[in-house]
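# sequence and predicted structure, then a few things I'm wondering about:
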Amino acid sequence: MSNKLRKKKTDELQKVLKFDRNIYDDKAGWIYGKLMSVTIWGLIVSAFALGLLRGGIIDMTVWPAAARILFYIVLFLFGIPSIFIFPTAFFLTQGKVRLYKESFIEIYRDKLIYQKVPRITLNTVSYEPMIVTGIQNVEEGRSAYTIRGEVLNGNTGKKTDVLQIPNAFAGMEEIGRLTGARK
């Protein structure tokens, strides 16, 4: 009977980590934020300049050749890439946020379960539990935590030794407490 109680105590859920948008914006999604904050200006400048040209407010025929060349260089190197980069970064970050909102991390005394959501189709959420036991090392990076240990994919049964969890959940410092070898 004492073994049963002892087993129940070690399998007891310690903490559940949920998605936090502020942490995502500062950590895992910072690159998307930087890309969008730079490229939005390319969109604004391009739209403004092309609007002035098409509206007939500015006549480029009277501009010196150097000014026209500079205008085209700015338009082609900054404006046109912004048309593609800004929406791509925006939709990537929104897609990741949608998946991370449904994902969560369960921390037990001696293991961790990352309930990863790889896709959402027609509002049907499919979970892929990543079970980590025997945690040897936890490395905190800017955008993700790298956990080394025995990793088992709960759906496929595939085993690996490394799991990366995006740094987008509140209280992720708790993961480092599962091992004494935190770096």
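Nice, thanks for sending it over. Numbering: from 1, shown residues only.
# what's the neighbour count on A89?
Other residues within reach of A89, judged by other C-beta atoms under 10 Å, total 21. Every C-beta, even on glycine, is put in place using the N, C-alpha and C of the backbone.
# looking only at pLDDT, what's the mean for the helix ranked longest in the chain?
Counting residues, the longest helix in the chain under DSSP state H turns out to be helix 30-54. Here the mean pLDDT over helix 30-54 is 92, rounded to a whole number.
# what do you get for stretch 165-181?
When pLDDT is averaged over stretch 165-181, the result is 84.
# show me where the protein has its helices.
For the chain, helices defined by DSSP H occupy the ranges 2-10, 21-26, 30-54, 65-74, 80-102, 173-176.
# end to end on stretch 104-114, go ahead and measure it.
Distance across stretch 104-114, first residue to last, is 6 Å (C-alpha to C-alpha, to the nearest Å).
# run through the bridge partners of the closest residue to K15 other than its chain neighbours.
Among residues not flanking K15 along the chain, I107 sits closest, at 4.5 Å (C-beta to C-beta, 6 or more residues apart in numbering). Taking DSSP bridges as the rule, I107 bridges to K15, L112.
# check contacts around I107.
By C-beta atoms under 8 Å, 6 or more residues apart in numbering, the contact set of I107 is 13-17, 174-175, 178.
# and of the residues you listed, the nearest to N137?
Proximity to N137 was ranked across the contacts of I107 by C-beta to C-beta; first place goes to L178, at 10.3 Å.
# next, count neighbours for the closest one.
For L178, the tally of surrounding residues (other C-beta under 10 Å) stands at 20.
# contacting residues for it?
Contact partners of L178, counting by C-beta under 8 Å, 6+ apart, are 107, 110-112, 135, 138.
# report pLDDT for the residue of the chain most remote from its centre.
Checked against the mean C-alpha position of the chain, the extreme residue using C-alpha atoms, centre = their mean is V62, at a distance of 48.1 Å. pLDDT, V62: 91.
# quick check: it vs A49, distance?
Using C-beta to C-beta, to the nearest Å, we find V62 at a distance of 16 Å from A49.
# likewise for I58?
When I58 is compared with A49 (using C-beta to C-beta), they lie 8 Å apart.
# mind checking the longest strand of this structure?
Among the segments of the chain that qualify as a strand by DSSP state E, the longest is strand 124-140.
# sorry, back to before: a markdown table for the helices of the chain, including distance to A144?
As requested, the helices of the chain are arranged in a markdown table below (distance: least, C-beta to C-beta, whole Å):
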| stretch | distance to A144 |
| --- | --- |
| helix 2-10 | 27 |
| helix 21-26 | 11 |
| helix 30-54 | 12 |
| helix 65-74 | 36 |
| helix 80-102 | 12 |
| helix 173-176 | 11 |
